[in-house]
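Novice: When you get a sec, could you give me coordinates for this:
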Amino acid sequence: MSVDRNAPCPCGSGRKFKKCHGAAVPPEVAALPAPERERLKQAVQLIERDRRVHQELLDWCDRKLGPEWANAALDQFAGGPENELSEYDESFYAHWLLHHRPASSTTATPAMQWLDAQRARHGARMDADVDTLLTAQRDSRIGLWRVTQVDAGVGYGLHDLLTGTTAFVYDDAGTLGEQPDDVCLGYVLTLDDLQLVLGTHLDLLPLEEAEQVAQQVRAMAGVATDHVPAPRVSREFLADPLQHIALRNAWHEHAAGYWNATDHDGDPLHDGILGDPHGEST
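Specialist: Numbering: from 1, shown residues only. Predicted structure coming up:
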C-alpha cells in the first residue's frame with residue numbers, strides 16, 4: 001500500500017510520512033556497522049511498542065479510573081481548572097500522568113496498576129516485552145537534556161544539566177532537531193542497553209536559556225548555585241512527581257518569555273516533533 005508523502009506516517013508518530021518512515025535512509029545510517037544498525041532497529045521497534053501500549057493505557061484509564069481522576073490530575077498539573085493544557089505540554093503531561101503520578105494517595109501509578117492487571121490476567125503468557133517496557137517507563141528519569149551530539153537518522157548524545165548524567169538516545173525521526181546545545185525537558189528511558197528520550201516538552205531552549213531554568217531547579221532543591229562546576233540535583237529530589245510539575249512550571253514560564261520576546265525570531269515547535277507548522281510542501 002502506498003502512502004502519500006504528506007500524509008501522517010502509519011507508525012503513529014504524528015509526523016509526515018516523508019519525514020518519518022518514508023524518508024530516505026540517511027547515509028549515516030547506511031554507514032553504520034551491522035550490529036549498530038540492529039540496535040537502531042530494536043530502538044525503533046521499542047518506540048512503536050511504546051505508542052501501542054500508551055493507547056491501551058489511556059483506554060484503560062478511561063474505563064477504570066474515570067473522569068474524576070482525569071480532571072483531578074489535570075487540575076494538579078495545570079494549577080487549577082481555569083488553566084488549560086497547552087499542546088506544548090501534551091507529551092510531557094501524558095508520560096508524567098501514566099508513569100510517575102500515583103493514581104491516588106494509596107495506589108500505584110496507572111501504568112503499574114494496568115501492568116498488575118495484565119499479569120493477573122495472562123499469567124505465564126504475559127508479554128515479557130510489555131512488562132519490561134512498563135518497568136523501564138516507571139524508572140525513566142526526568143532531566144534538562146542538552147544535545148551534545150547529533151547523529152542524523154540515528155540519535156543524540158545528551159547531557160543532563162541537573163544531574164550530570166549522560167546518555168545516547170536512539171531517535172531515527174530527529175525529534176530534537178539538528179542543533180547541538182539545544183536543551184529539552186523530558187524523560188530518558190533505559191531498557192537493557194537501549195536508551196530513548198520520551199515525554200518531551202515541545203519547547204526547546206538554547207543552552208544559555210536552559211541553564212537559567214537549571215539554576216532555579218538547583219535553588220528549589222536546596223543546592224548551592226554559585227559553585228563551578230554546578231552542583232548536582234539529587235535523584236531523590238527529581239523522583240518526586242510533584243517536583244516534575246515544579247520543573248515544568250519553571251521551564252514553561254521561561255520558554256514562554258523567551259519565545260514571545262519581541263526581538264526573537266524563531267518557532268519553538270520543531271519540525272521533528274509536530275511536523276511542519278508552516279505547511280511545507282513537497
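Novice: May I see the buried residues of stretch 96-116?
Specialist: Going by neighbour count (16 or more other Cβ atoms under 10 Å), the buried part of stretch 96-116 is 96-101, 103, 109-115. Heads up, the C-betas are built off the backbone N, CA and C, glycines and all.
Novice: would you list every one of the helices in this structure?
Specialist: 27-30, 34-64, 66-78, 90-99, 110-122, 128-138, 207-221, 235-239, 241-259, 271-274 (DSSP state H).
Novice: Residues touching stretch 47-65, excluding its own?
Specialist: 11-13, 69-70, 94, 98, 103, 110-111, 113-114, 117, 129-130, 133-134, 137, 196, 198 (Cβ atoms under 8 Å, 6 or more residues apart in numbering).
Novice: cool, and stretch 73-81?
Specialist: With Cβ under 8 Å, 6+ apart as the test, stretch 73-81 has contacts from N71, E84, L85, D89, Y93, W96, L97, R101, I245, R248, N249.
Novice: Of those residues, keep whichever come out buried.
Specialist: Using 16+ other Cβ under 10 Å, the buried ones in these are D89, Y93, W96, L97, R101, I245, R248.
Novice: looking at it, the second one is touching S86, isn't it?
Specialist: No: under the criterion of Cβ atoms under 8 Å, Y93 is not in contact with S86, lying 9.1 Å apart.
Novice: For the closest residue to R101 other than its chain neighbours, give its distance to R141.
Specialist: Sequence neighbours aside, P241 is the residue nearest to R101 in space, at 4.8 Å (criterion: Cβ to Cβ, 6 or more residues apart in numbering). For P241, the distance to R141 (Cβ to Cβ, to the nearest Å) stands at 13 Å.
Novice: and if you look at V130?
Specialist: Taking Cβ to Cβ, one finds V130 at 21 Å from R141.
Novice: And P8, by the same measure?
Specialist: Taken as Cβ to Cβ, the span from P8 to R141 is 30 Å.
Novice: Just the endpoints, please. Distance across stretch 56-76?
Specialist: 23 Å (Cα to Cα, to the nearest Å).
Novice: in it, what counts as buried?
Specialist: Per 16+ other Cβ under 10 Å, stretch 56-76 contains these buried residues: L57, W60, C61, L65, W69, A73, L74.
Novice: Identify the farthest-apart pair in these.
Specialist: Farthest-apart pair in those is W60 and L74; separation 17.5 Å (Cβ to Cβ).
Novice: How many neighbouring residues does P81 have?
Specialist: 10 (other Cβ atoms under 10 Å).
Novice: Distance to F168 and pLDDT added to the buried residues of stretch 96-116, as JSON lines?
Specialist: Below are the buried residues of stretch 96-116 laid out as JSON lines (distance: Cβ to Cβ, whole Å; pLDDT from 0 to 100):
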{"residue": "W96", "distance to F168": "24", "pLDDT": "97"}
{"residue": "L97", "distance to F168": "27", "pLDDT": "97"}
{"residue": "L98", "distance to F168": "25", "pLDDT": "97"}
{"residue": "H99", "distance to F168": "22", "pLDDT": "97"}
{"residue": "H100", "distance to F168": "23", "pLDDT": "97"}
{"residue": "R101", "distance to F168": "28", "pLDDT": "97"}
{"residue": "A103", "distance to F168": "33", "pLDDT": "92"}
{"residue": "T109", "distance to F168": "27", "pLDDT": "97"}
{"residue": "P110", "distance to F168": "29", "pLDDT": "97"}
{"residue": "A111", "distance to F168": "25", "pLDDT": "97"}
{"residue": "M112", "distance to F168": "27", "pLDDT": "97"}
{"residue": "Q113", "distance to F168": "32", "pLDDT": "96"}
{"residue": "W114", "distance to F168": "30", "pLDDT": "96"}
{"residue": "L115", "distance to F168": "27", "pLDDT": "96"}
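Novice: in this protein, which helix or strand is least confident?
Specialist: Within the chain, no helix or strand scores below helix 271-274, which has a mean of 36 by mean pLDDT, DSSP states H and E.
Novice: picking up where we left off before, in CSV: the buried ones among the contacts of stretch 73-81, plus distance to L185.
Specialist: Below are these laid out as CSV (distance: Cβ to Cβ, whole Å):
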residue, distance to L185
D89, 10
Y93, 12
W96, 11
L97, 15
R101, 16
I245, 12
R248, 7
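Novice: Closest to P180 out of the residues you listed?
Specialist: R248 (24.0 Å).
Novice: if I look at the closest residue to T190 other than its chain neighbours, how far off is E87?
Specialist: Computed as Cβ to Cβ, 6+ apart, the closest residue to T190 that is not its neighbour in sequence is A136, at 6.4 Å. Going from A136 to E87 by Cβ to Cβ gives 26 Å.
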